[in-house]
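Student: Sequence and predicted structure are below.
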Amino acid sequence: MDKYQVLKETFGYTTFRQGQERLVDSTLSGRDVLGIMPTGAGKSICFQVPALLFPGITIVVSPLISLMKDQVSALNAAGIHAAYINSSLTEGQFRKAMEFARQGRYKIIYAAPERLMTESFLALAQEVPISMVAVDEAHCISQWGQDFRPSYLKIVDFIQQLPMRPVLAAYTATATKAVKEDILCILGLKNPDVLVTGYDRKNLYFAVEKPKNKTEALLEYLRRNSEKSGIIYCNTRKTVEEVHQELVQAGYPVVRYHAGLSEEEKKQNQEDFIYDAAPIMVATNAFGMGIDKSNVRFVIHYNMPKDIESYYQEAGRAGRDGEPGECILYYGGQDVKMNEFLIEQQVSNEELGREEQEVIRERNYERLRKMTFYCFTNECLRDYILRYFGEYGGNYCGNCRNCLTEFQDVDVTEEAAGILNMTLSSGQRYGIQAVIDAVHGSDSAKVRQFRLQENPYYGVLKDRTIVRLRQILNDLLVKEYLWLTPGDYPVLKLGEKGREFLQEKDSAQVFLKLPKEQEKAETKQKAQKKRSVEDVKYPELFEILRQYRYQMAQKAHIPPYIIFSDKTLREMSTYLPVNREEMLAINGVGNSKYEKYGKAFENLIQEFIRDKNIEK
């Protein structure tokens, strides 16, 4: 068997996606690899294909129980013997899994990092041949990553205990330059093939909204998308409970997930979501890592996350099947304050010194600043994210809210000068509201308290609205004319560009992009059409197949996408396969899945063809 046979016969794909084949080849040649690939790009194929071709066992280190369970269920459905070793197993299940592993029944074993250095697991590792150790969510090993887990450091100790060093393969979807360097250094990858396939997810639409009432905005969105499955992220348990209650009262099939729930309820709610019994999930960021639910059509952030890494990872849970997905962030004025509070409340890591903890704290504030700027930029949102990860391209994607909004350039040089001069002349000691009130000429408590009415720039912009002044000030922050100190009482400081502007005086100009009253409706329609993956030829058949898949999944108590993804059903509903050869030509249908499910779907398609008198 070669890599192409494994890819087609086991996983049902005729070709590798971008980057997959190179990483598979490097791994099979015995070379360490680091793959940085966006969510939905098929990272698991990169280590699962070599795992089935290597003579020994592959250990996959994974951070979450839910991730392992999903991956193992998918492998078992594809006819691959795999198991997971983690704290969810009973003592009897654990002993049985270890016994089967010794007998060579498993080609792939998923293990939590905490399990690696236990006496029983080390004993197993000494007895069975281990060809590869694959590290999933590898950013967790870096203290600069958004999900640093000290337990990931045990991977290095585990590898050193093995009789022979296996091939090491590390994979992640989000890694800045510092995180990438940490992964390479800490894991000790030898002459690794490092591949960054790009962070872009072209099928995802990005938008930032600033609704006056987030609940009303959410309910309106769900009214327009009632048939879709999606995740709504909130930054606190309290908000999860409030939003969940609102949606329950509105009659939506919704479940919740946060760390305050019992393990039993979390497990049940997660299963209801994955199996589409309740297609809407309201959760904190405790939910989602490794959830391989392919038909999530939207991810709404009810609150702004703490950094771009977290946002992109969570938003990336939409559209994993390559079909269009929407990623919408609701920004509110309290989101920054809440995230600053969460940064300060983070539990100190005992494995790090005080100086290291302070550096991490400062980096967390810097990441929060970049996240906040994302919410205020009028440039392409996709380009903003890609640039954050060091990827540079065009500044127009045609598939984000900003690119689909018609802007006009407004000269705000005079306003910028007033704000910057007020900031500088008042000693760079005051926050946003005080500076805005002062240049606007307001008789507010802050102005009187700080005696800003005596400042020469007091009231210089009194004929501008407070809303417009805040827009301009936010833009000056995004463009780094100004910056805001972290902490409970942030104050405005001049950035280098701000100082240069004031020095240049008459020659300097500042323009602000402001949206016109109406979006370009025609452009948006074209972009949405462009976002659509191949339109299904027979949508009625697609619904029939989808309903049948759901019933089949309910009986087998497995997620519907484990049987076939929406993308596979769309292909079936377009090409109408009615025999084994035609069915195996559909992406996502391998030998094992055809034997289990193929005939039943063939029969439904044949029945549809007869009922509609379709000539093939």
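Tutor: Nice, thanks for sending it over. Residues are numbered from 1 along each chain as shown.
Student: Just the buried residues of stretch 462-478, please?
Tutor: 464, 468-469, 471-478 (16 or more other Cβ atoms under 10 Å). In short, each C-beta sits where N, CA and C put it, glycine included.
Student: And stretch 553-569, by the same measure?
Tutor: 553, 558-569.
Student: mind putting these in a markdown table, distance to residue 217 included?
Tutor: Formatted as a markdown table, the buried residues of stretch 553-569 follow (distance: Cβ to Cβ, whole Å):
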| residue | distance to residue 217 |
| --- | --- |
| 553 | 32 |
| 558 | 35 |
| 559 | 30 |
| 560 | 29 |
| 561 | 29 |
| 562 | 34 |
| 563 | 35 |
| 564 | 34 |
| 565 | 30 |
| 566 | 26 |
| 567 | 30 |
| 568 | 34 |
| 569 | 31 |
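Student: all strands for the stretch 1-150 of the chain, in order.
Tutor: 33-36, 57-61, 82-85, 108-111, 130-135 (DSSP state E, counting those that start in this stretch).
Student: swap that for the stretch 451-600 of the chain, please
Tutor: With strands called from DSSP E, counting those that start in this stretch, the stretch 451-600 of the chain shows them at 482-484, 492-494, 511-515.
Student: now do the stretch 151-300 of the chain
Tutor: Using DSSP E, counting those that start in this stretch, strands in the stretch 151-300 of the chain cover 167-172, 193-196, 204-209, 229-233, 254-257, 280-283, 296-301.
Student: quick one: strands adjacent to the second one?
Tutor: In this case it means strand 193-196. When pairing is defined by DSSP bridges, strand 193-196 lines up against strand 33-36 (parallel).
Student: Turn the strands of the stretch 1-150 of the chain into CSV, columns for mean pLDDT.
Tutor: Shown next, in CSV, are those (pLDDT from 0 to 100):
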stretch, mean pLDDT
strand 33-36, 96
strand 57-61, 96
strand 82-85, 93
strand 108-111, 95
strand 130-135, 97
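Student: could you redo the ones you listed as TSV and give each row distance to residue 1 and mean neighbour count?
Tutor: Output for those, formatted as TSV (distance: least, Cβ to Cβ, whole Å; neighbours: other Cβ atoms under 10 Å):
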stretch	distance to residue 1	mean neighbour count
strand 33-36	21	26
strand 57-61	16	25
strand 82-85	17	23
strand 108-111	16	25
strand 130-135	15	24
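Student: So for residue 215, which of the ones you listed sits nearest?
Tutor: strand 33-36 (37.2 Å; Cβ to Cβ).
Student: Distance from the chain centre to that closest one, please.
Tutor: 18 Å (Cα atoms, centre = their mean, to the nearest Å).
Student: ok, residues contacting it?
Tutor: Strand 33-36 has contacts (Cβ atoms under 8 Å, 6 or more residues apart in numbering) with 19, 23, 26-27, 43, 46, 138, 167-173, 175, 180, 183-184, 189, 192-197.
Student: following the top helix by length along the chain, which helix or strand comes up?
Tutor: Identified as the longest helix of the chain according to DSSP state H is helix 354-374. Moving toward the C-terminus from helix 354-374, the next helix or strand (DSSP states H and E) is helix 381-388.
Student: what's the following helix or strand after that following helix?
Tutor: strand 407-411.
Student: strand partners of that following strand, parallel vs antiparallel please.
Tutor: When DSSP bridges is applied, strand 407-411 pairs with strand 511-515 (antiparallel).
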